[in-house]
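> Here you go, sequence then predicted model.
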Amino acid sequence: MLPTKSHPAGTGAVLVALAALCWGLSGGVAGVLIDGGWEPSVVSFSRGAIGFLFVFAWLLMRPRGSGLGNARLWSWSVLAGLGVAGNFAFYFVSIAQGSVAVAATLMYSAPVFVYLVSFACRLERPTPLKLAAIVLAMVGIILLTQVYKASASGISLLGAGAGLLAGVSYAVFIFGFKYAAPHGSPQAVLSVAFAVVAVLLIWPAGIGRATTVLDTADLQLFVTLGVFGAGLSFALYVIGLRHVAPTVASIVAMVEPVTAALFGVAVLDESLAGPQVFGMVLILSTVTALSLGSSFKRS
């Protein structure tokens, strides 16, 4: 159901939440594949390539009003594609180096670093409340990754860095899709973006390794990952973004790390120590507070 004029924001938020739910589950599916011996690069490419096939078929079935002749659609969609490619690749590396729950939570700490860059570039004025929120989020990251323990087995430095870079990439594709959406149909925007994803990720995956996916018992999991983790979820997300602000979307999308964490514990037999759970709560709550503060300031 598409958003109506009477309650577009509410329906848009529901669509974003459904997309985030799919992303959370796809993180779990990716964890299963990686635990099964698949390289993160192959998993991320397969997710993007299958997602491209899904949205391109949608475009072929409904080509009218695509906006593909609009240069702005192409430029913003390519930027979104760069963000999606980085998000997929770094997120799955983070999962391979740690756990689904830790990787997903680190990814959603990106707004903290956006604020730090904004302070450094004098684009945003630091306030005591913002600085306190950032400090709490940084404490949460330390607790979640357990970098204070010399023998921590939770996540490596590479995994932590990849999780944070996945979050930066996430911020890039949010704004890319937000500004591409008004210039064409969702299926056109997504087709361009996922074409970029497939082109960028085929190199680290390797054509030979990527094609082995077609002849494996795990093919059904790969298709599930591509359809629900890329094609359908991003369609819901782009449509939802037309009716909600990026800050609101980032808050609603907190459904993803929660879903991913529950999947990791219930299906992958992952566990989080007490300090890690507390760190996760600190990160999600402070990021939500920062996003809400930004949203209220702009309204």
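That came through, no problem.
> Quick check, central residue of the protein?
Tyr170 (5.0 Å; C-alpha atoms, centre = their mean).
> for that residue, what are its contacts?
83, 87, 107-108, 110 (C-beta atoms under 8 Å, 6 or more residues apart in numbering). In short, each C-beta sits where N, CA and C put it, glycine included.
> now Ile283
105-106, 108-109, 137, 140-141, 144.
> Nearest residue to the residue nearest to the centre of the chain in space, please, no chain neighbours.
Residue nearest to Tyr170 in three dimensions, not counting chain neighbours: Asn87, with 5.1 Å by C-beta to C-beta, 6 or more residues apart in numbering.
> Contact partners for the one you found?
107, 166, 169-170, 173.
> what's the spacing between it and Gly27?
11 Å (C-beta to C-beta, to the nearest Å).
> What of Ala20?
Counting by C-beta to C-beta - Ala20 and Gly27 are separated by 11 Å.
> got any residues that touch both of those two?
256, 259.
> ok so, going back, which positions in the helix or strand harbouring the residue nearest to Tyr170 come out as buried?
Element membership for Asn87 (DSSP states H and E) is helix 71-97. Within helix 71-97, the residues that qualify as buried are 73-74, 76-97, counting by 16 or more other C-beta atoms under 10 Å.
> if we can go back for a sec, out of the contacts of Ile283, which is nearest to Thr212?
The shortest approach to Thr212 among the contacts of Ile283 belongs to Leu106, at 29.6 Å (C-beta to C-beta).
> quick one on the thing from earlier: and the residue nearest to the centre of the chain, how far from Leu214?
Per C-beta to C-beta, Tyr170 is found 29 Å from Leu214.
> where do the helices sit along the stretch 51-200 of the chain?
Using DSSP state H, counting those that start in this stretch, the helices found in the stretch 51-200 of the chain span residues 71-97, 100-107, 110-120, 128-145, 157-180, 186-205.
> Which of those helices comes out lowest on mean pLDDT?
Mean pLDDT is lowest for helix 110-120 out of the helices of the stretch 51-200 of the chain, coming in at a mean of 70.
> What is the neighbour count of Val265?
Neighbour count of Val265, defined by other C-beta atoms under 10 Å: 16.
> repeat for the one 5 residues further on
Taking other C-beta under 10 Å as the neighbour definition, Glu270 ends up with a count of 19.
> phi, psi of it?
Backbone torsions for Glu270, taken as degrees, to the nearest 10, come to phi -80, psi 160.
> Tell me, what's the model's pLDDT at it?
76.
> same deal with the one 5 residues further on?
For Pro275, the pLDDT comes out at 83.
> burial measure for Val32, as a count.
For Val32, the neighbour count with other C-beta under 10 Å is 17.
> Which residue is the nearest non-sequential neighbour of it?
Closest to Val32 by C-beta to C-beta, 6+ apart is Leu221, at 6.5 Å.
> Show the contacting residues for the one you found.
29, 32-33.
> Sweet, I'm off.
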